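A.B. asks: quick one: sequence and predicted model below, then my questions.
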Amino acid sequence: MGADAKALELGLDLSGAAAPLANYVPFVRSGNLLMISGQLPLSGGAVAPAHKGKLGREVSAEQGTAAARLSAVNVLAQVRAALGSLDQVRRVVRLGGFINAAPGFTALAPAMNGASDLMVEVFGDAGRHARTTVGVAELPMDAVIEVEAMFEVNG
Amino acid sequence: MGADAKALELGLDLSGAAAPLANYVPFVRSGNLLMISGQLPLSGGAVAPAHKGKLGREVSAEQGTAAARLSAVNVLAQVRAALGSLDQVRRVVRLGGFINAAPGFTALAPAMNGASDLMVEVFGDAGRHARTTVGVAELPMDAVIEVEAMFEVNG
Amino acid sequence: MGADAKALELGLDLSGAAAPLANYVPFVRSGNLLMISGQLPLSGGAVAPAHKGKLGREVSAEQGTAAARLSAVNVLAQVRAALGSLDQVRRVVRLGGFINAAPGFTALAPAMNGASDLMVEVFGDAGRHARTTVGVAELPMDAVIEVEAMFEVNG
């Protein structure tokens, strides 16, 4: 099953590719690499209250994982906007996860798994990626997570 | 108008390419990609008091935007040191913006626009880039911002 | 002297390539680029107490530099697991250093030098890399540092 079909089966809403803001754009392709700008857990153009604030304080572990998955859905929405089809992806190369972490809260990897798991659900083995997860001090719109990505795509 | 001419017209001082510190270097090229190390808002080898501390506390929104632009000028200084001319740039691929943010201050995107806007002023549409902006806890020299970059350059 | 021989001469233990966790992997290759996931200062599968907590509070400058070097050793362990030999590396392209910094502690570059210096010890001039160092709020396992890397490798 291709990645587009899999996304359909999973019921992912990939219509939410956020429009370019200011002088940056959601994606840039260079050769076979596709870079996706940091994506927030936006839904309908806003960050839901459940996905605002610090993981381990306002945001529970479960909500954090859901926010990571939603950010990754938004990454995929940008990929489809860039390429026309998720089936043009050869490999998920790297995810960067920036988590708005409460002081002393270090269980960052389980939250970021919400993003990583989605990639493997959609792309199978080609979805397995290098990853860096860190806890940051603040994020735009007070989001609990921001996920950036690099893909290898067909020529 | 080429990018070198545009930089001249804008009056940008690109002479400040910071020298290599320790065992890292300001840029590395691999194939058609040019990676620029994180650049601080250095001017004359120092970070001015107006660009030190946390955005939203010691540093105003306006000063933060100016610091982002200055960091981006320093990125361009490194590009010119690497390539001899900004005209060898095909595309700005990605900027990473790390902002020293005061607790609770989330207006990070407007500050980072200082860097993004400069890229489009200098390179036009080729200056539109993927971007990730996050709020960090501390930065070297207590700078308010650090900007890293990736460019696609002529072969 | 090749990089494998140099690593042997330095007595580096490169046997500690951490196994894949969850749905991400320690490295992904795309073309001539090899991306290494963020590596913690793990030793024997754990972060030693001396490498836990915040640089400038629980962790001294010296311990921070040692933790950066250990994270970089773990990066090299992943490179060898990926390529079979460090001699397949053409160039260290970029290191990203995320340091768990105490409030107000800005001497981040000297700590990160522990990672940068190792690259030059092992690879010589090919070890000189672009670098971004920032202070973050929290890290997985309460580690004091996390180091990610990009290498250019033989085709």
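C.D. replies: Sure, I can see it. Numbering: from 1, shown residues only, chains lettered A, B, ... in the order given.
A.B. asks: could you give the number of residues near the closest residue in space to A:Gly127 that isn't next to it in sequence?
C.D. replies: On the basis of CB to CB, 6 or more residues apart in numbering or on different chains, the spatially nearest residue to A:Gly127 that is not a chain neighbour turns out to be A:Met119, at 3.7 Å. The C-beta positions use only the backbone N, C-alpha and C, and glycine is treated the same way. If you count neighbours by other CB atoms under 10 Å in any protein chain shown, A:Met119 ends up with 25.
A.B. asks: enumerate every residue touching A:Met119.
C.D. replies: If a contact means CB atoms under 8 Å, 6 or more residues apart in numbering or on different chains, then A:Met119 has A:Ala72, A:Val92, A:Leu95, A:Gly127, A:Arg128, A:His129, C:Asn23 as its contacts.
A.B. asks: closest to chain B among the residues you listed?
C.D. replies: Compare each of those with chain B using CB to the nearest CB and the shortest gap goes to A:Leu95, at 11.4 Å.
A.B. asks: the closest one - that's part of a strand, no?
C.D. replies: Yes. Remark: A:Leu95 belongs to a strand, assigned using DSSP: H, G, I helix; E, B strand; the rest coil.
A.B. asks: in terms of helices and strands, where is the residue of chain A found nearest chain C?
C.D. replies: When distances are taken as CB to the nearest CB, chain A approaches chain C most closely through A:Gly135, which lies 3.0 Å from it. Using DSSP states H and E, the element containing A:Gly135 is strand A:130-136.
A.B. asks: does that strand come close to chain B?
C.D. replies: Yes. Between strand A:130-136 and chain B, judged by CB under 8 Å from any CB of the partner chain, the touching residues are A:Val136.
A.B. asks: counting contacts, what elements does that strand pack onto?
C.D. replies: Under the contact criterion of 3 or more CB pairs under 8 Å, 6 or more residues apart in numbering or on different chains; DSSP states H and E, the helices and strands touching strand A:130-136 comprise strand A:89-100, helix A:108-123, strand B:130-136, strand C:33-39, strand C:89-100, strand C:130-136, strand C:145-153.
A.B. asks: still on that earlier bit, right, and the pair among the contacts of A:Met119 with maximum separation?
C.D. replies: The most widely separated members of those, counting by CB to CB, are A:Ala72 and A:Arg128 (13.7 Å).
A.B. asks: mind putting the contacts of A:Met119 into a markdown table with neighbour count?
C.D. replies: Shown next, in a markdown table, are the contacts of A:Met119 (neighbours: other CB atoms under 10 Å in any protein chain shown):
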| residue | neighbour count |
| --- | --- |
| A:Ala72 | 28 |
| A:Val92 | 30 |
| A:Leu95 | 27 |
| A:Gly127 | 21 |
| A:Arg128 | 19 |
| A:His129 | 25 |
| C:Asn23 | 18 |
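A.B. asks: what's the burial count for A:Arg131?
C.D. replies: By other CB under 10 Å, 29 other residues sit near A:Arg131.
A.B. asks: can you tell me the closest non-neighbouring residue to it?
C.D. replies: Closest residue in space to A:Arg131, ignoring its immediate chain neighbours: C:Tyr24 at 3.9 Å, by CB to CB, 6+ apart.
A.B. asks: for A:Asn100, give me the pLDDT.
C.D. replies: Per-residue confidence for A:Asn100 comes out at a pLDDT of 98.
A.B. asks: oh, that last question was meant for A:Pro110, not what I typed.
C.D. replies: The predicted local confidence for A:Pro110 comes out at a pLDDT of 96.
A.B. asks: my read: it touches A:Thr65, true?
C.D. replies: Yes. In this structure A:Pro110 lies within contact range of A:Thr65 using CB atoms under 8 Å: 6.6 Å.
A.B. asks: tell me which of these two has more neighbours.
C.D. replies: Under the neighbour definition other CB under 10 Å, A:Pro110 and A:Thr65 were set side by side, and A:Thr65 has more, 20 against 16.
A.B. asks: which SSE is the more buried one in?
C.D. replies: According to DSSP H and E, A:Thr65 maps onto helix A:61-83.
A.B. asks: buried set for that helix?
C.D. replies: Taking 16 or more other CB atoms under 10 Å in any protein chain shown as the basis for neighbour counts, the residues of helix A:61-83 that come out buried are A:63-83.
A.B. asks: from the middle of its chain, how far away would the strand holding A:Gly135 be?
C.D. replies: A distance of 12 Å separates the C-alpha centroid of strand A:130-136 from that of its chain, computed with CA atoms, centre = their mean, to the nearest Å.
A.B. asks: alpha carbons only: can I get that strand in PDB?
C.D. replies: What follows is strand A:130-136 as a C-alpha-only set of coordinates in PDB (Å, rounded to 0.1, in the frame of the first residue of the first chain):
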ATOM      1  CA  ALA A 130      17.200  10.100  12.500                       C
ATOM      2  CA  ARG A 131      15.900  12.300  15.300                       C
ATOM      3  CA  THR A 132      16.900  14.900  17.800                       C
ATOM      4  CA  THR A 133      14.600  15.800  20.700                       C
ATOM      5  CA  VAL A 134      15.200  18.600  23.000                       C
ATOM      6  CA  GLY A 135      13.300  20.600  25.600                       C
ATOM      7  CA  VAL A 136      13.100  24.300  24.800                       C
END
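A.B. asks: residues in contact with it?
C.D. replies: Under the contact criterion CB under 8 Å, 6+ apart, strand A:130-136 has outside partners A:55, A:93-101, A:105-106, A:108-109, A:112, A:116, B:134-137, C:24-28, C:35-38, C:96, C:98, C:136-140, C:146, C:148.
A.B. asks: circling back: tell me how many other residues surround the residue of chain A closest to chain C.
C.D. replies: Burial of A:Gly135, expressed as a neighbour count using other CB under 10 Å, amounts to 30.
A.B. asks: so what pairs up with A:Val89 in the strands?
C.D. replies: Legend: beta-bridge partners of A:Val89 under DSSP bridges are A:Val153.
A.B. asks: just give me how far stretch A:37-51 sits from the chain centre.
C.D. replies: On CA atoms, centre = their mean, the centre of stretch A:37-51 falls 10 Å from that of its chain.
A.B. asks: so the residue nearest to A:Arg131 sits against C:Met35, correct?
C.D. replies: No. Using CB under 8 Å, C:Tyr24 and C:Met35 do not qualify as a contacting pair, with a distance of 11.0 Å.
A.B. asks: between the two, who's got more neighbours?
C.D. replies: Relative neighbour count places C:Tyr24 above the other of C:Tyr24 and C:Met35, with 28 against 25, counting by other CB under 10 Å.
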